[in-house]
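# Provided below are the primary sequence and the corresponding predicted coordinates.
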Amino acid sequence: MQRFLVAILPIAALGIFAFSSSTQAYENSNLSIKIDGIKSQKGQVCFSLFSSSQGFPANEKKALKSRCVKVADKYIQTNFGKLKAGSYAVAVIHDANADGTLNSNAIGIPKEGFGFSRNPRILTGPPKFGESAIFVVGPNTNIDIKLQYLL
């Protein structure tokens with residue numbers, strides 16, 4: 001029995017070391033977001049990253065991180081770094097007139113492009129957090145968001 005314990009102890013220590021070093025990598029994950037389907041090269045594309053349903057998708061003040069990128073090409077990409085492993089949802093707007101909001105018509109239909117992580121189908125309103133949530137784990141997570149234009 002003692003011989004067994006002596007043999008298993010180094011294996012257990014190695015397992016603990018491997019687990020602790022892999023968990024450290026997950027405390028500093030990177031989320032890379034690529035946008036496809038931009039209709040024009042006017043304005044900016046604004047990203048909001050949420051870690052819970054509070055404020056998702058429209059309240060940028062409740063977002064964990066947010067940023068806007070000037071449209072200069074057909075494809076836009078951005079990164080959110082230093083994320084802990086967990087569930088996140090991304091809301092994106094193509095703010096064509098660069099006024100900082102998703103403009104809509106008189107009955108509330110967006111006049112500018114928008115999109116969400118996991119590209120949920122939009123029928124009668126924005127998706128819930130759970131419909132757009134992705135799990136960020138490991139050093140890099142890559143997602144693609146296709147913009148939708150209703151008008």
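Noted; the coordinates are in hand.

# residue ranges of the helices in this protein, please?
Under the criterion DSSP state H, the chain carries helices at the ranges 2-26, 129-132.

# Start and end of stretch 72-89, how far apart?
25 Å (Cα to Cα, to the nearest Å).

# how about it: buried residues?
76, 78, 80, 83, 85, 88-89 (16 or more other Cβ atoms under 10 Å). The C-beta positions use only the backbone N, C-alpha and C, and glycine is treated the same way.

# hang on, the earlier thing: looking at the helices of the chain, which one has the lowest mean pLDDT?
Out of the helices of the chain, the stretch the model trusts least by mean pLDDT is helix 2-26, with a mean of 44.

# Could I get the buried residue list for stretch 51-64?
Taking 16+ other Cβ under 10 Å as the neighbour-count basis, stretch 51-64 is seen to contain the buried residues 51, 55-57, 60, 62-63.

# ok, now which ones touch the residue most central in space within the chain?
Residue closest to the average C-alpha location in the chain (Cα atoms, centre = their mean): Val90, at 4.0 Å. With contacts taken as Cβ atoms under 8 Å, 6 or more residues apart in numbering, Val90 has the following neighbours: 31, 33, 47-50, 116-117, 132, 134, 143, 145.

# which of those residues count as buried?
Buried among these (16+ other Cβ under 10 Å): 31, 33, 47-50, 116-117, 132, 134, 145.

# now the residues you listed in TSV, with distance to Asn97?
Conversion of the buried ones among the contacts of Val90 to TSV gives the following (distance: Cβ to Cβ, whole Å):
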residue	distance to Asn97
Leu31	27
Ile33	22
Phe47	17
Ser48	18
Leu49	23
Phe50	24
Phe116	21
Ser117	24
Ser132	25
Ile134	29
Ile145	20
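
# and which of those residues is nearest to Thr101?
The shortest distance between Thr101 and any of the buried ones among the contacts of Val90, using Cβ to Cβ, involves Ser48 and amounts to 12.1 Å.

# ok, back up a step: show me the buried ones among the contacts of Val90 that map onto strands.
31, 33, 47-50, 116, 134, 145 (DSSP state E).

# Excluding chain neighbours, what is closest to Glu131?
The shortest distance from Glu131 to any residue that is not its chain neighbour, by Cβ to Cβ, 6 or more residues apart in numbering, is 4.5 Å, and that residue is Pro120.
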